[in-house]
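> Next input, structure requested:
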Amino acid sequence: MANIRVFSFLSAAGLAMLCAPAAWAQQPLPVATGAAWTHIHSGITIPATLDELARMRATSFAEPQLDISQNFGSSDGRQQLTLYIFRNTNGSVPLWFAQAQRAISLRADLKNPALALPPTAFTPPGRAAGSGLKAVFAPAGVEGIRSTGVALFAVGDWYVKLRATSATLGPEELSAWMETALAGISFPRTDPAAAVQPIADCGERLNFNPEAADSTLAPAALTAGVQTPAARMTPARWCFDHVVAGNQALYRPADTRDRYLLARGDNGKAFAVQPQTPGGYYSVNFITASQSFLLVAQDRLPSPRRVLALADGDRPTGVTTTWPPR
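Numbers count the residues shown, from 1 in each chain. From the prediction side, this is the model:
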C-alpha cells in the first residue's frame, strides 16, 4: 500500500508550491559528459548527441528521475531538441499531448503560432502503429524560428515527449526530423501501446452553478475517515471539456458528467475529481509524480474554480506517497 500520512503545516504549504510553476523544483540531472544516459525506471537510453546535436543541459523536475528533460542543440542555437520523460500517473497520451500542444500555443515568444501540421498519429520507434501523436507549428515573424513541433507517446508506465525547434526547416521537414531524432534513442521492449487519436471535444460542456457548487463546504461527516486517494480514473476514452485558464484544462471520461480531470501544465500534474460510493461524497485529489494530495471532500461535484481555491487556500487533509509503487 502507499505510504499515508496526515498533513502538517509544511505539507500544506508544499501543496501550494506544487500547484505553482515547476521552476522552483528544477535541479541538474547528473549526466556524464560525452556518455549515453539510461533512465533507471523505463530503461530508455539517450545518447550524448541526438542527430548530431550535442547535449547542452539535463534537468530533473521530480526525484528520483520521475520527471526529467535533456536539451540538445547546435552551437549556433538554430536547431534544438528537448526530450522529456515523466511518470504516467493519470490521463492518457491524447490528453497530455493536448496539454503539450496548448503550451506551445500559449508561449508569448512564439506570438500565437499557426498550426502548420495538425495533430496526427505516428509510429514511435519500437512501438505499435499509430501509438504516438505529433503536431508542428509555423510561427510568423519570430526571429530564428521557422518551425517548432511536439511529439508524445507512452513507453510502459512513462510518457515520452519530444520538442523540436528549427530556424531552417519547414514544417514537413521538421516533422520528419523529429522521427529521425527519436530513432536515435534506445527504447526497451514493452507491451504494445494502443493506437491513439487526437482528443475529441466532449460536446456539451459541464456547467457549474457558482452558488451551488462553490459556496458550500462538505459537512464534516463526509471528510471523516477520508485518508486515502480515490482510485485512478482509467476510461477507454477521454474527451476535452474546456479550458479553465491558461494551460489548465478540464477533461472527463467520455459519456460521463459526474467526474473530471483538471490538468495543470503539461507534465502530468492534475486534479482528479470523482464521486465515491459508498460514502456519498466527491473526492478531490491533486496528483503529482510521486504523491497524491487529498483535498477536502465535497458534497457535490465542485467546479474547477472551487478545486483551485481549495488548493490555493492550503486546505488539504492528507498526502499519500505513490512512489515507489507498492
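
> How confident was the prediction at the closest residue to Gly268 other than its chain neighbours?
If you skip the residues right next to it in sequence, Gly268 has Phe86 as its closest partner in space, 5.0 Å away by C-beta to C-beta, 6 or more residues apart in numbering. Every residue, glycine included, has its C-beta placed from N, CA and C. pLDDT recorded at Phe86 is 98.

> Phe86: which element?
Phe86 belongs to strand 79-87 when assigned by DSSP states H and E.

> swap in Lys134?
Assigned by DSSP H and E, Lys134 falls in strand 132-138.

> tell me which residues of that strand are tucked away?
Using 16 or more other C-beta atoms under 10 Å as the test for burial, strand 132-138 gives 132-138.

> From these, pick the one nearest Ala311.
The nearest member of these to Ala311, counting by C-beta to C-beta, is Leu133 at 28.7 Å.

> if you skip the residues just before and after it, what's nearest to the closest one?
Closest to Leu133 by C-beta to C-beta, 6+ apart is Phe97, at 4.3 Å.

> Return the residues in contact with that neighbour.
Phe97 sits next to 119, 133, 135, 150, 152, 198-199 when contact means C-beta atoms under 8 Å, 6 or more residues apart in numbering.

> Now, these that are in strands?
Per DSSP state E, strands hold the following members of the contacts of Phe97: 119, 133, 135, 150, 152.

> what about this structure, any weak spots by pLDDT?
The chain contains residues with pLDDT under 70 at 1-24, 210-227, 314-315.

> Helices along the chain, start to end?
Assigned helices in the chain, in chain order: 9-19, 93-105, 171-183, 210-214, 220-223, 304-312 (criterion: DSSP state H).

> Nearest residue to Leu182 in space, ignoring adjacent ones along the chain?
Pro125 (5.4 Å).

> For that neighbour, the count of nearby residues, please.
The local packing of Pro125 (other C-beta atoms under 10 Å) involves 14 other residues.

> Might one say that it is in contact with Ala181?
No. The criterion here is C-beta atoms under 8 Å, and Pro125 misses it with Ala181 at 10.1 Å.

> tell me, what's touching these two both at once?
Both Pro125 and Ala181 lack any common contact, where contact means C-beta under 8 Å, 6+ apart.

> Run through the neighbouring helices and strands of the strand holding Phe86.
strand 53-62, strand 67-73, strand 158-166 (3 or more C-beta pairs under 8 Å, 6 or more residues apart in numbering; DSSP states H and E).

> same thing but 10 Å
Here strand 79-87 touches strand 49-50, strand 53-62, strand 67-73, strand 147-155, strand 158-166, helix 171-183, going by 3 or more C-beta pairs under 10 Å, 6 or more residues apart in numbering; DSSP states H and E.
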